[in-house]
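Colleague: kindly return the folded structure for what I paste below:
(one chain, ligands or ions: 1)
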Amino acid sequence: MAQQGKILVFVDLPEGALDETGRGLLSYAARLSQIAGFPWEVAVPAEPDDAARRDFARYGTPAVTVLAEGAGLIDTPAHLAAALASLVQAQGGGILLLPHNDLGGTVAPVAAARLSAALMTETVSVKQVEAGLELYRQILGVRLSEARCWQGETPLVITVPTRRLSQVLMATVKEVTPAYSTFIPAESGSATARVLGRIPPDPQTVDLTEAEVIFSAGKGCDEATFSQLQELCRLLNVSCGVTRPVYDLGWTGFERMVGQTGRTVTPRLYLALGISGSMHHVGGIKDSRLIVSVNSDAKAPIFPNSDEGYVADLKEILPRLIDRARSVAGGAL
Ligand SMILES: Cc1cc2nc3c(=O)[nH]c(=O)nc-3n(C[C@H](O)[C@H](O)[C@H](O)COP(=O)(O)OP(=O)(O)OC[C@H]3O[C@@H](n4cnc5c(N)ncnc54)[C@H](O)[C@@H]3O)c2cc1C
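Modeller: Below you'll find the model as predicted:
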């Protein structure tokens, strides 16, 4: 491959510590390094705390560069992009890896333009082929998969959907003591745009393909238990989905229907309540990180398709879940 250099992964450190996304990125970078054959390093916008340093060591992070004045860079994506682009150049090119969240999604195209780099957003998988690296991304929600080949003629900027990041440590990763250094980015002029605040999406209205946690109702719900489920979703601030028979009853709009003809979803947690587990439904949820199901029939096909399954009657457990959710929220909701 023509391109040399390193994989530089940008990891935000909310309050100095690594969060789930950060640990997922470290795991992703270690795997990408093995696939691409490039060494990898991390850039952070703040001095890591002790817990973050332990995580860097556990995930086999070879080197960590602290961006000087990095805290200010987080709210000026153009400056952060310029700093990361100059760090990539200083490292001799290669790959810049970012999470596909509001920050990474904003920084990636600006950094790519500065580096005259190839850009691949929402990358879900990568493999080495003879011509270079083949990268796959999901487009139109998660309805289509697109493959592109990077032959290494220019640097490459990649973003990875945060829901696709796994914190699981690879068996082949060995604990190391990272080398720490500081990078002082060149002056980038005045910022054209500054982030004033970040407003998280409302789980009640967010597109289900983007939802982090989904509780879904099947035909095992009657009108009373369905409204209890909606209440539970409101209390816990999670998104509500339905199967086709529930949609057919007219209780929700089509955009809430999950499955082959509805939305294909990839949440961190999918809770299936009173859902039998037909292939038309399971086909739309199988890439969820954790599937938990509740059904009164121990032989329901949803169970072999679940990570955890509970044989229970929704009429009994939903009121208890609501009580529990209220007590956890301290009655404030
Ligand atoms: C071309 C085509 C496309 C389709 N696309 C989709 C799609 O996109 N999405 C989709 O969902 N379906 C789709 N379907 C329909 C699909 O085949 C199933 O009919 C549907 O998914 C079943 O929905 P369900 O699990 O809610 O209902 P059911 O299959 O009726 O299952 C209800 C479950 O609830 C359990 N139950 C009952 N009472 C209780 C209780 N009190 N407590 C706990 N559990 C209880 C039962 O044991 C049962 O397992 C499609 C069908 C076709 C032909």
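
Colleague: this structure: helices as residue ranges?
Modeller: Ranges of helices in the chain, per DSSP state H, are 20-36, 50-58, 70-74, 77-90, 102-115, 223-236, 244-248, 279-282, 314-328.

Colleague: wait, which of the ones you listed is closest to Val292?
Modeller: helix 314-328 (12.0 Å; CB to CB). C-beta coordinates here come from the backbone N, C-alpha and C atoms, glycine included.

Colleague: so is the closest one next to the ligand?
Modeller: Yes - residues of helix 314-328 are located near the ligand by CB under 6 Å from any ligand atom, namely 314-315.

Colleague: same check on stretch 230-242?
Modeller: No - judged by CB under 6 Å from any ligand atom, stretch 230-242 makes no contact with the ligand; its nearest approach is 7.5 Å.

Colleague: for that stretch, buried residues please.
Modeller: The neighbour-count check on stretch 230-242 (16 or more other CB atoms under 10 Å) flags 230-233, 235-236, 238-242 as buried.

Colleague: can you list the domains in this protein?
Modeller: If you go by automatic domain parsing, the domain ranges for the chain are 6-183, 208-328.

Colleague: can I get the ones you listed in a markdown table including distance to Gly197 and mean pLDDT?
Modeller: A markdown table is the format used below for these (distance: least, CB to CB, whole Å; pLDDT from 0 to 100):
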| stretch | distance to Gly197 | mean pLDDT |
| --- | --- | --- |
| domain 6-183 | 9 | 91 |
| domain 208-328 | 19 | 96 |
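
Colleague: to Ile199, which of those lies closest?
Modeller: Among those, the nearest to Ile199 by CB to CB is domain 6-183 (9.6 Å).

Colleague: what's the end-to-end length of that closest one?
Modeller: 16 Å (CA to CA, to the nearest Å).

Colleague: gap between that domain and the chain center?
Modeller: Here domain 6-183 is found 13 Å from its chain centre; the criterion is CA atoms, centre = their mean, to the nearest Å.

Colleague: is that domain positioned near the ligand?
Modeller: No - for domain 6-183, no contact with the ligand is found by CB under 6 Å from any ligand atom; the gap never falls below 12.4 Å.

Colleague: using CSV, please lay out the domains of the chain together with distance to Val195.
Modeller: Below are these laid out as CSV (distance: least, CB to CB, whole Å):
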stretch, distance to Val195
domain 6-183, 4
domain 208-328, 20
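
Colleague: quick one on the thing from earlier: out of the buried residues of stretch 230-242, who's nearest the ligand?
Modeller: Taking CB to the nearest ligand atom as the measure, the ligand lies nearest Val242 of the buried residues of stretch 230-242, at 7.5 Å.

Colleague: on that earlier part again, Arg194: which of the domains of the chain is closest?
Modeller: domain 6-183 (5.4 Å).

Colleague: how about Thr159, nearest residue that isn't a chain neighbour?
Modeller: His100 (3.9 Å; CB to CB, 6 or more residues apart in numbering).

Colleague: quick one: the one you found and Ile214, what's the gap?
Modeller: Distance of His100 to Ile214, computed by CB to CB, to the nearest Å: 19 Å.

Colleague: between the two, tell me which one has more neighbours.
Modeller: Neighbours per residue (other CB atoms under 10 Å) separate His100 from Ile214, with Ile214 holding more: 25 against 22.

Colleague: can you pull the contacts of the more buried one?
Modeller: Ile214 sits next to 208, 238-241, 258, 265, 267, 269-271, 288 when contact means CB atoms under 8 Å, 6 or more residues apart in numbering.

Colleague: redo those residues as a markdown table? Include distance to Ala83.
Modeller: Below are those laid out as a markdown table (distance: CB to CB, whole Å):
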| residue | distance to Ala83 |
| --- | --- |
| Leu208 | 36 |
| Val238 | 36 |
| Ser239 | 35 |
| Cys240 | 41 |
| Gly241 | 40 |
| Val258 | 41 |
| Val265 | 35 |
| Pro267 | 33 |
| Leu269 | 35 |
| Tyr270 | 38 |
| Leu271 | 41 |
| Ser288 | 36 |
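
Colleague: in strands, which of those residues appear?
Modeller: When DSSP state E is applied, those are split such that 239-241, 269-271 fall in strands.

Colleague: so which two of those residues are the farthest from each other?
Modeller: Longest span within these, CB to CB: Cys240 and Leu269, 13.1 Å.

Colleague: buried residues in stretch 271-280?
Modeller: Those would be 271-278, for stretch 271-280 by 16+ other CB under 10 Å.

Colleague: can you narrow those residues to ones near the ligand?
Modeller: Of the residues in the buried residues of stretch 271-280, proximity to the ligand by CB under 6 Å from any ligand atom holds for 274-276, 278.

Colleague: any chance of those residues in a markdown table, with distance to Leu87 too?
Modeller: Putting those into a markdown table (distance: CB to CB, whole Å) gives the following:
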| residue | distance to Leu87 |
| --- | --- |
| Gly274 | 52 |
| Ile275 | 48 |
| Ser276 | 52 |
| Ser278 | 50 |
